[in-house]
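3D model of this:
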Amino acid sequence: MIFPLFYFGPISYFSKLTDAADFRFEINENFRKQTYRNRCYIQGANGKLRLAIPIEHDGSRRMKDIKMSDDANWRKEHFKSLVSAYKSSPYFEFYEDDLAPIYQKNEKFLVDFNISTLEFIFGKLKLDLKINLTESYIENPDERDFRNFFNSKTEPDPKDFPEYTQVFRERFEFMPDLSILDLLFNEGPAAATYLKTIAAK
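This is a model prediction of the structure:
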């Protein structure tokens, strides 16, 4: 299976990954704007919040060549937003010290940063998954292709996602398929079981 390489991708993405026997992450495709490749969605105090990584516009198009822009201090802002949104969640304090260094590194390439987010999630959920990368771009691969499967502009069907307790449940209806971080901070180790439940549907 071939998967895109996302920034703290949605729950549906990790559900598919945990259900995959063998997979590779695509790093040789042309970078696609307005996708989970450089953005994720969390639940904030004012509703659904987008965290987007700014990209340098230097003519590079291949995913593995895309550099993150440091014109805006987005690393500090993203981590600040996560703290503000989830500091009262049941499990944030258990993961905060290991999450912070991801935003303190000075990595230049989006691919490297996204891989660090995958390693964090795989480690915290004790998922025995290996990070293999594509060596070249294949337009019509023999294996199952998930590169266009996840659409950040499409609203997920709540029926596909069992409800769990979210931090701002008093203000908003349940928000399905947010970033995996929302599930992790609210459910902790049980998030792995939740992913398997989704995959079994």
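
What's the mean pLDDT across stretch 186-201?
Looking at stretch 186-201 alone, the average pLDDT works out to 91.

among the helices and strands of the protein, which has the poorest mean pLDDT?
Among the helices and strands of the chain, helix 191-199 carries the lowest confidence by mean pLDDT, DSSP states H and E, at a mean of 92.

Just the buried residues of that one, please?
With burial defined by 16 or more other C-beta atoms under 10 Å, the residues of helix 191-199 counted as buried are 191-192, 194-195, 198. Using the backbone N, CA and C atoms, a C-beta is placed for each residue, glycine as well.

Same check on stretch 148-167?
By neighbour count with 16+ other C-beta under 10 Å, stretch 148-167 contains the buried residues 150, 152, 161, 164, 166-167.

Redo those residues as CSV? Include secondary structure and distance to S179.
Shown next, in CSV, are the buried residues of stretch 148-167 (DSSP: H, G, I helix; E, B strand; the rest coil; distance: C-beta to C-beta, whole Å):
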residue, secondary structure, distance to S179
F150, coil, 12
S152, coil, 11
F161, coil, 13
Y164, coil, 14
Q166, coil, 12
V167, coil, 13
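
Export those residues as TSV, with columns for pLDDT.
Putting these into TSV (pLDDT from 0 to 100) gives the following:
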residue	pLDDT
F150	95
S152	91
F161	95
Y164	96
Q166	97
V167	96
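
now, which of those residues sits nearest R39?
S152 (6.6 Å; C-beta to C-beta).

one step back: the least confident helix or strand of the chain: how far from the chain's middle?
Per C-alpha atoms, centre = their mean, to the nearest Å, the displacement of helix 191-199 from the mean C-alpha position of its chain is 15 Å.

Mind listing residues that contact it?
11-12, 14-16, 18-19, 125-127, 160-162, 164, 180, 183-184, 187 (C-beta atoms under 8 Å, 6 or more residues apart in numbering).

Show the backbone phi and psi for the spatially closest residue to D145 that is not a sequence neighbour.
In space, not counting the residues next to it along the chain, D145 is nearest to I2; the distance is 5.2 Å by C-beta to C-beta, 6 or more residues apart in numbering. For I2, the backbone dihedrals are phi -120, psi 130 (criterion: degrees, to the nearest 10).

elements contacting the lengthiest helix in the chain?
Once the chain is assigned using DSSP state H, the helix that runs over the most residues is helix 110-124. With contacts defined as 3 or more C-beta pairs under 8 Å, 6 or more residues apart in numbering; DSSP states H and E, the packing partners of helix 110-124 are helix 92-104, helix 180-187.

With respect to D65, which of the ones you listed lies nearest?
Closest among those, once you apply C-beta to C-beta, is helix 92-104, at 21.2 Å.
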